[in-house]
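Colleague: attaching a predicted model along with its sequence, questions to come.
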Amino acid sequence: MPPEQQLIFGNPKAGTPLMVSQPTAALDLPIRAICWQDSLGKTWIAYNAPEYVVQRHWLPAEFAKNLAAVIPLLERAAGRS
């Protein structure tokens, strides 16, 4: 198995309103991502898109911005900025 790293990002100020609105949102919070390198050394990152999490938990669309704020941090942590 190639090297892999799980990244976990949370912000109670951003995530708590989602869980108050819909408790099932806690299944996807804090935000998790997986990073790995392929055989050519290219770094990959996978995470659930904010829109998917909002749709999955029937959250108001405006909560996508709470989740989207972490995406640049994930990309930087994976060395893909």
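Modeller: Cool, the structure landed.

Colleague: for the rest of this, base every contact and every neighbour count on C-alpha atoms.
Modeller: Fine.

Colleague: just give me the neighbour total for the closest residue to Tyr47 other than its chain neighbours.
Modeller: Spatially, and ignoring its direct neighbours in sequence, Tyr47 is nearest to Ala33 (4.6 Å; CA to CA, 6 or more residues apart in numbering). Neighbour count for Ala33, taken as other CA atoms under 10 Å: 18.

Colleague: begin at 493, not 1, for the rest of this chat.
Modeller: Sure thing, new numbering starts at 493, so read that last one as Ala525.

Colleague: quickly list what Ala525 is bridged to.
Modeller: Under the criterion DSSP bridges, Ala525 forms beta bridges with Leu499, Tyr539.

Colleague: any idea how far it lies from Pro552?
Modeller: Going from Ala525 to Pro552 by CA to CA, to the nearest Å gives 23 Å.

Colleague: dump the lowest-mean-pLDDT helix or strand in the chain to PDB, restricted to CA.
Modeller: One helix or strand of the chain scores below all others by mean pLDDT, DSSP states H and E: helix 563-569, with a mean of 84. Only the C-alpha atoms of helix 563-569 are listed here, as PDB (Å, rounded to 0.1, in the frame of the first residue of the first chain):
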ATOM      1  CA  ILE A 563     -10.900  23.600   0.900                       C
ATOM      2  CA  PRO A 564      -7.900  26.000   0.400                       C
ATOM      3  CA  LEU A 565      -6.400  24.700   3.600                       C
ATOM      4  CA  LEU A 566      -6.800  21.100   2.500                       C
ATOM      5  CA  GLU A 567      -5.200  21.900  -0.800                       C
ATOM      6  CA  ARG A 568      -2.300  23.700   0.800                       C
ATOM      7  CA  ALA A 569      -1.700  20.900   3.300                       C
END
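
Colleague: quick check: longest helix in this structure by residues?
Modeller: helix 504-513 (DSSP state H).

Colleague: relative to the whole chain's centre, how far out is that helix?
Modeller: 14 Å (CA atoms, centre = their mean, to the nearest Å).

Colleague: check which helices and strands it sits against.
Modeller: helix 556-560 (3 or more CA pairs under 8 Å, 6 or more residues apart in numbering; DSSP states H and E).
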